[in-house]
Structure formats: C-alpha cells, structure tokens
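J.: build me a structure from this.
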Amino acid sequence: YTTLFRSDNQLAQEIELAVESGRAENIILVGNNGAGKSTFLERFFGAVLEPHLRQRCMVARIDLLKATGDLNSIVPWLTRELKNMLEGLLYPGGQPSFDELQGLYWREYQRWMKGPFRPLYESDKTAFKIKFSDFLNEQMETDAHSYILRLLEDVVRNRKLLPCIIFDNTDHFVDPNYQESIFQFSQSLHESVPFTLIVMPITDRSLWRLSKAGPLQTYSSKMFYLPVPPTKEVLAKRVAYLKRKIEEEKDQHSYFFAKGIRLTIENIRGFAACLEELFLNADFVSRRISWLANNNLRKCLELTQKLILSPIFSVEDLVKAFIVHGSVEALRLDSRKFMQALLHGNY
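T.: Numbers count the residues shown, from 1 in each chain. Next up, the predicted model:
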C-alpha cells in the first residue's frame, strides 16, 4: 500500500495520471462510518473533478445496499448489475444493436466468416447472420462476465474513455467472505482490462479485517483517507446553503411543500437565523452532538434534526434568536433546554 492521502486533489491527480499513462490503479477510500464516503465520491465526479478529466471518464456506481447479502449469489448479482449499467451508459435505450454486438465479437465473426462457416457466408449471408445472432445471444446469457469485459475494452479502445467503477457500501455486510468476493470480482475486471479505475470505499475497521488475509494482500492498491469534518462545519455549510438558496430565489415570496404546506420567504430567513444562533454559535452543542454520535456524520445530522424539531425549544426561543441575529449581542443557548431536548428526542 502507498501512504494515506487526505486530499481530494490527490484522487484527481491519480485520475489524470491514469488518463495520461493508460494504466489505472485500484483505489481504496478509507473513512469512518458515516464519514460521507458515498457523498464524497458523488460530488467528486460530479463537481470537483475538472471538466476536461470528467469528459474522459465513464463512471459506473454499483450500490451494494441493493444486494440480497447472499454469498452464493453475489457474483451473479454484480455481473448482472454491471452489465445493465454499462449498457445503459453506452447505448441509446440501454440496448446494443446487432451491428454493435458484431463489433464487440469481431474476432469471432471473422473466424466464422473465414473458417468453418465460410460456405454458409458465401451462399446465404442472411442465414449466416441469423446463426451468428444465436451465438451472440448465447454468449450474452451464458458468459455475461466475458461480455462485460468486451464492453470495457470497447470503452477503452474505441471510445478512449477511462472506466471508473465504484463498488459502494461494501462494508455494510459483516461477513468478510462477502467483502472478499466483491473485492475479487473487482480485481478480475482490473486484471483483464488494466485501464479500469476501481474505487472501493470501506471503513478502517473493514480494511484492518480484510488486510489480514485474502485478496487484499495479493493485489496492490492505493489508499486514500477521508477525514471526518467537524460537526459544526457540516452544520454551518448546511445553513450557508439555505441562505444561498434564499438569495437565489429572493424574488419568490413563498414555497409549497408536501401536503400543501406553504412557507414564506420570511419564514425561511427566520429559520436560518435560528439555526445559526442556536446551534452554530454555541460550540458545546456541536461538540456534544459529535461525541454522542461517535463522529458519525449521518447520526449527527439525525440527532441535530431531532433537536431542532424538539418542542423543548419554545416559540419565544426562536423569536429571540431571530431578533438577536445580526446584532452585537450574542444569544446564549440554554444548556438545560438543550439537554432536555437531547434526552427527550422526538417525544
């Protein structure tokens, strides 16, 4: 393994190096539970990666949360999911035509045409194509793995793109044999088509368990460490996003939500002000939330939502926060009410 990296720029440099050299690497993205590994990868390929590099990549994400968890069926499930995903990315309507399939199996077509089926080709080309189409259908149904490899080769050689395959949420399954099967499947793709970037986000605990034995010791990989940002910083960015949306749509006076609920622009401003004053300016709030959630961002946000919606905080608290917002005087959150809201939750 290489040294642990902490910056998303390192991942961008790795992709740029792969595009230039024609040789990709196995990437293991290590992070705590709830560190936002899936969100990071989604935003990285969607917004962070430079456009000229993004245009050279074909990103396919396989979500293992959709899998059944059966060890015996995981490889067929992965094959089927990747096959459908690649077809959807490469062909209109997600279905290749006969000519496109003929291009994938061009070597076999030439062998048939010049070899054992040459008399049929010269006498009746339509019958020859019908017989070859039966062969194509059989190959796609009985040997889907080889079909996937041909799709990846087409992406690399003909379309001049870098396949980036993400195997997401693999560490939601406790069985190490299950994770090893997924990792082995990913490496079979990379070994057959070296210009394929494999990205597998896992927790540090899963990495420690898998590194003791199995395919993780056999194949070389580069690890990137995704640090957990402070809870206060995450909440601050969410409030900043809310304020930015207000400015973008300041001419719009009201919004409609589910079940016909109307929310005016003044309500949104007041809500953002309350969040900022009550939950961001008090350091002990974000610290305690982070400690209780064991630095799990997903749990931090769920806990924060319960606190915001808690009836322990009265209307007077919200009005006071809105009035104080922007003034010199800082609003101090009542620690007793905070602890009550923390203990009562949604009750």
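J.: what residue is smack in the middle of this protein?
T.: In the chain, the residue lying closest to the centroid (C-alpha atoms, centre = their mean) is residue 38, at 3.8 Å.
J.: for that residue, give me its contacts.
T.: Counting by C-beta atoms under 8 Å, 6 or more residues apart in numbering, residue 38 touches 168-169, 201. Bear in mind the C-beta positions are built from the backbone N, C-alpha and C, glycine included.
J.: now do 10 Å
T.: Residue 38 sits next to 29, 31, 61, 63, 65, 166, 168-169, 201 when contact means C-beta atoms under 10 Å, 6 or more residues apart in numbering.
J.: assumed it was part of a helix.
T.: Yes. The assignment for residue 38 is a helix, going by DSSP: H, G, I helix; E, B strand; the rest coil.
J.: confidence score at it?
T.: At residue 38, the pLDDT value in this model is 83.
J.: measure it to residue 169 for me?
T.: For residue 38, the distance to residue 169 (C-beta to C-beta, to the nearest Å) stands at 7 Å.
J.: what residues do these two have in common as contacts?
T.: Residues touching both residue 38 and residue 169 (C-beta under 10 Å, 6+ apart) are 61, 63, 65, 201.
J.: wait, the last one sits on residue 225?
T.: No. No contact is recorded between residue 201 and residue 225 when judged using C-beta atoms under 10 Å, the distance being 11.2 Å.
J.: okay, now residue 29: neighbour count?
T.: 23 (other C-beta atoms under 10 Å).
J.: what comes up buried for the host helix or strand of it?
T.: Using DSSP states H and E, residue 29 sits in strand 26-30. For strand 26-30, burial by neighbour count (16 or more other C-beta atoms under 10 Å) applies to 26-30.
J.: with just CA atoms, put it into PDB.
T.: Extracted in PDB, the C-alpha atoms of strand 26-30 (Å, rounded to 0.1, in the frame of the first residue of the first chain):
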ATOM      1  CA  ASN A  26      -7.000   0.200  -7.500                       C
ATOM      2  CA  ILE A  27      -8.300   2.900  -5.100                       C
ATOM      3  CA  ILE A  28      -9.400   2.100  -1.600                       C
ATOM      4  CA  LEU A  29     -11.200   5.100   0.000                       C
ATOM      5  CA  VAL A  30     -10.900   4.700   3.800                       C
END
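J.: residue 201 and residue 225: which has the busier surroundings?
T.: Per other C-beta under 10 Å, whichever of residue 201 and residue 225 has more neighbours is residue 201, with 24 against 16.
J.: does the more buried one belong to a helix, a strand or coil?
T.: strand.
J.: next up, the contacts around it.
T.: Residues counted as contacts of residue 201 (C-beta under 10 Å, 6+ apart) are 27-31, 35-38, 40-41, 166-171, 224, 226.
J.: who's it bridged to?
T.: Beta-bridge partners for residue 201, by DSSP bridges, are residue 29.
J.: tell me the pLDDT at it?
T.: So, for residue 201, pLDDT stands at 87.
J.: please apply the same query to residue 131.
T.: Residue 131 carries a pLDDT value of 91.
J.: count of neighbours near residue 152?
T.: With other C-beta under 10 Å as criterion, residue 152 counts 22.
J.: these two touch, right, it and residue 86?
T.: Yes. Residue 152 is in contact with residue 86 according to C-beta under 10 Å; the separation is 7.4 Å.
J.: show me the contacts for residue 229.
T.: Neighbouring residues of residue 229 by C-beta under 10 Å, 6+ apart: 35-36, 237, 295, 297.
J.: and the gap between residue 245 and residue 308?
T.: According to C-beta to C-beta, residue 245 stands 17 Å off from residue 308.
J.: and if you look at residue 155?
T.: Relative to residue 308, residue 155 is positioned 46 Å away (C-beta to C-beta).
J.: which of those two has more neighbours?
T.: Applying other C-beta under 10 Å to residue 155 and residue 308 shows that residue 155 carries more neighbours, namely 21 against 14.
J.: run through the residues that contact the more buried one.
T.: Going by C-beta under 10 Å, 6+ apart, residue 155 touches 58, 60, 86, 89-90, 161-163, 193, 195-196.
J.: hang on, the earlier thing: for residue 314, state which of the contacts of residue 229 is nearest.
T.: Distance to residue 314 across the contacts of residue 229 (C-beta to C-beta) is lowest for residue 237, with 27.5 Å.
J.: sticking with the closest one, tell me its helix or strand.
T.: helix 231-248.
J.: please indicate which of the contacts of residue 38 are buried?
T.: With neighbours counted by 16+ other C-beta under 10 Å, those contain buried members at 29, 31, 61, 166, 168-169, 201.
J.: find the pair from those residues with maximum spatial separation.
T.: 31 and 61 (16.4 Å).
J.: ok so, going back, give me the common contacts of residue 201 and residue 225.
T.: Joint contacts of residue 201 and residue 225 (C-beta under 10 Å, 6+ apart) are 28-31, 35.
J.: number of nearby residues for residue 194?
T.: 13.
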